[in-house]
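**Q** the sequence isn't on hand, but the structure is:
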């Protein structure tokens, strides 16, 4: 079997509600969809995203420039293909857009392998569970009022979520403490609560706030300081009983290694597109496991189900609804706050081009 076709499509998805965090103001997500076909009729799909169509076109151009390295290759040689692409992109650096450009390719190759083997990816990887815990991440944003937070939090619990994440990052510590208190009261003591500062604090601020938030039994305190401040994150982790979660904006297993070596986080959150796809994501997750660290992947709900279902040290998959419109199939949440991993071959989710036609944009020159 050989890869015979390489086709990309660009879509720009408007969000139902603008998203505000301590460092973001997001209204749309721009997605690059890739389909690889083979000479045996088996196809595979993968995608990545960014903010802004202009940036998406740059990502598309770099991804398409790699087609010659992939077409004609046996998809089963996915490790070799990943290593070759990583090496060939060395001139541009091995973080940032260069790694993201590899991701959709790697995802599509694994999708082909799962379909060829007639197995869902988590079983192909070696499964350890068939249902995975999830937490609601598509709400409780920094721009929400206290009343809106309480209403949103209760709605998530009614939908079946047993864990929710709140964004924090107000100027005054008392404001964030009040926001956490309102959500905790709304969901009760039995629902897990995470908070995410989106890298918005100084070390001193994070420690002072974190100490006050320990009264609310948080599952984790996410990205309290800028991700590149390993020493600062380690200081926060050492000062608090609440676990610190971070690493979603670092690249490849080497980035995870830096967090591990500096003790900058108790829970690692590798991002599938910043890992360069499943091939490196599995290595990063295993590396964390060797050091007895938990993992909760960042975004890519549909695809990261397979990561969490195949890694004993993985905890939650992040439930983010942004990308659901891309697929024919939907994620199904049960009343225990769990998602059953689809038993469909490959990733188990396929692009719905009819549904997303209205969001398509032209590629660059």
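**A** Noted; the coordinates are in hand. Every value quoted in this text rests on a predicted model; they were computed, and no experiment measured them. Residues are numbered from 1 along each chain as shown.
**Q** got the end-to-end distance for stretch 60-72?
**A** The straight-line separation of the ends of stretch 60-72 (Cα to Cα, to the nearest Å) is 20 Å.
**Q** how far does it sit from its chain's centre?
**A** Centroid displacement of stretch 60-72 relative to its chain, using Cα atoms, centre = their mean, to the nearest Å, is 24 Å.
**Q** wait, a strand at residue 170?
**A** No. Applying DSSP: H, G, I helix; E, B strand; the rest coil, one finds residue 170 to be coil, outside a strand.
**Q** helix, strand or coil: sort out residue 62 for me.
**A** Going by three-state DSSP: residue 62 is helix.
**Q** my guess is it contacts residue 99, does it?
**A** No. When contacts are counted by Cβ atoms under 8 Å, residue 62 is not listed as touching residue 99 (10.5 Å). Bear in mind the C-beta positions are built from the backbone N, C-alpha and C, glycine included.
**Q** settle it for me: which of the two has more neighbours?
**A** residue 99 (24 against 17; other Cβ atoms under 10 Å).
**Q** need the contact list for the more buried one.
**A** When contacts are counted by Cβ atoms under 8 Å, 6 or more residues apart in numbering, residue 99 touches 86, 89, 251-252, 273-276.
**Q** that one and residue 276: what is the separation?
**A** 5 Å (Cβ to Cβ, to the nearest Å).
**Q** how about the helices in the stretch 251-365 of the chain?
**A** Assigned by DSSP state H, counting those that start in this stretch, the stretch 251-365 of the chain shows helices spanning 252-262, 272-275, 278-290, 301-309, 353-356.
**Q** what angle sits between the first one and helix 278-290?
**A** Angle, helix 252-262 to helix 278-290, by axes from the mean of the first three to the mean of the last three Cα atoms, to 10 degrees: 20 degrees.
**Q** rounded mean pLDDT for stretch 226-238, please.
**A** On average, the pLDDT along stretch 226-238 is 97.
**Q** quick one: buried residues of it?
**A** Residues of stretch 226-238 classed as buried by neighbour count (16 or more other Cβ atoms under 10 Å): 226-227, 229-230, 232-237.
**Q** likewise for stretch 91-108?
**A** So for stretch 91-108, counting by 16+ other Cβ under 10 Å, buried means 94, 97-108.
**Q** after the helix ranked longest in the chain comes which helix or strand?
**A** Here the longest helix in the chain is taken by residue count, with DSSP state H as the criterion, and it is helix 97-117. Using DSSP states H and E, the next helix or strand after helix 97-117 towards the C-terminus is helix 121-125.
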